[in-house]
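>>> Sequence first, then the predicted structure, then my questions.
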Amino acid sequence: MIALVRFLVAGYLWSARVLQPLIVIALIVVVVLLQGPGGPDAAEPAVGTLGDVAAFMFPVWAWAARGLLDTQPDEQRALSATAVGRRWVAVGAGLLAAYGVNLALGMIALLVPLLQAVLAGVPVTAVLTGCGLSALVAAAGTLLGAWTSRAIIPNPGLSLPALLGGAVAVLLLGIGRLAWLSVPMIAWLRSAHGGPGAFVDGFPGVALHLVLWSAVVGGAYVAAARVRV
């Protein structure tokens with residue numbers, strides 16, 4: 001599995017598809033994140049930015065995961081699955097490769113907000129909470145992107161609208177009574193903008209929600225993904 005993960009990541013990087021999310025992240029950093037909070041009360045908006053980054057990056061992570069999983073042609077993906085011998089290994093390697101790339105993209109997006117948080121005197125616990133939140137949201141975004149990849153939706157003309165529709169559906173579900181079916185974006189944004197204490201206190205519930213959501217969605221994807229062995 002490790003060799004296949006490295007092979008998938010290398011193919012994604014050499015294909016230059018990684019430039020697409022990198023350009024979006026650069027725009028987010030330049031247009032939004034560089035205008036950091038200032039003044040004696042800068043800690044609260046700095047913590048809020050950590051929550052905002054996770055929200056901004058959620059669709060970007062989904063997009064990047066879809067791009068990585070669709071880099072291989074169908075024939076090459078079938079050969080990779082045959083080489084490892086088990087379908088779930090090939091599917092799991094794709095998810096791990098996409099998640100690893102998304103973690104790296106998240107680190108790039110978080111560089112400026114983390115520096116601003118440290119300079120604003122945000123407690124270490126809140127800074128670590130922001131990093132943990134991004135890691136969990138990156139997993140959820142990876143799975144959303146996987147569900148719109150060619151292993152689930154063979155038609156590329158339908159996969160991108162499905163990705164956009166899925167991101168919008170996740171946001172809308174999080175607002176209404178069916179919020180438990182969605183990622184808890186509203187919950188983490190509310191706690192992040194409530195200050196360092198509220199952010200840290202609200203993280204366990206948000207983390208549990210994200211872990212359960214990812215486990216269900218990820219398990220369903222592994223069962224449904226089309227990979228020939």
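Sure, I can see it. Numbering: from 1, shown residues only.

>>> hang on, G100 packs against A10?
No. Applying CB atoms under 8 Å as the test, G100 and A10 come out as separate, 11.7 Å apart. C-beta: built from backbone N, CA, C; applies to glycine.

>>> neighbour-wise, which of those two wins?
Set G100 next to A10 and count neighbours by other CB atoms under 10 Å: G100 wins out with 17 against 12.

>>> Which residue is the nearest non-sequential neighbour of the more buried one?
Closest residue to G100 apart from its sequence neighbours, by CB to CB, 6 or more residues apart in numbering: V9 at 6.5 Å.

>>> And the helix or strand containing the one you found, how far out from the chain middle?
Here V9 is covered by helix 2-14, with elements defined by DSSP states H and E. Offset of helix 2-14 from its chain centre (CA atoms, centre = their mean, to the nearest Å): 18 Å.

>>> Relative to W180, how far out is A207?
Going from A207 to W180 by CB to CB, to the nearest Å gives 15 Å.

>>> Which helix or strand lies directly C-terminal to the helix or strand of the chain with the lowest mean pLDDT?
The helix or strand of the chain with the poorest confidence is helix 74-84; it has a mean of 67 (mean pLDDT, DSSP states H and E). As assigned by DSSP H and E, the chain's next helix or strand after helix 74-84 is helix 87-119.

>>> Give me the angle between that following helix and helix 2-14.
Helix 87-119 runs at 60 degrees relative to helix 2-14, counting by axes from the mean of the first three to the mean of the last three CA atoms, to 10 degrees.

>>> Tell me the helices and strands packed up against helix 87-119.
Applying 3 or more CB pairs under 8 Å, 6 or more residues apart in numbering; DSSP states H and E, we find helix 87-119 packed against helix 2-14, helix 19-28, helix 43-69, helix 74-84, helix 124-147, helix 196-224.

>>> The same query, at a cut-off of 6 Å, please.
helix 2-14, helix 19-28, helix 43-69, helix 74-84, helix 124-147 (3 or more CB pairs under 6 Å, 6 or more residues apart in numbering; DSSP states H and E).

>>> Keeping just the C-alphas, turn the first one into CSV.
Okay, so that is helix 2-14. Coordinates of the C-alpha atoms in helix 2-14 are reproduced here as CSV (Å, rounded to 0.1, in the frame of the first residue of the first chain):
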residue,chain,number,x,y,z
ILE,A,2,2.8,2.4,0.8
ALA,A,3,4.4,1.9,-2.6
LEU,A,4,1.1,2.5,-4.3
VAL,A,5,0.5,5.7,-2.2
ARG,A,6,3.9,7.0,-3.3
PHE,A,7,3.2,6.1,-6.9
LEU,A,8,-0.2,8.0,-6.8
VAL,A,9,1.2,11.1,-5.2
ALA,A,10,4.1,11.2,-7.6
GLY,A,11,1.7,10.9,-10.6
TYR,A,12,-0.4,13.7,-9.2
LEU,A,13,2.6,16.0,-8.8
TRP,A,14,4.1,15.2,-12.2
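
>>> Can you give me the buried ones in it?
Within helix 2-14, the residues that qualify as buried are 4-5, 7-9, 11-12, counting by 16 or more other CB atoms under 10 Å.

>>> quick one, it and helix 19-28 angle?
Counting by the same axes, to 10 degrees, helix 2-14 lies at 70 degrees to helix 19-28.
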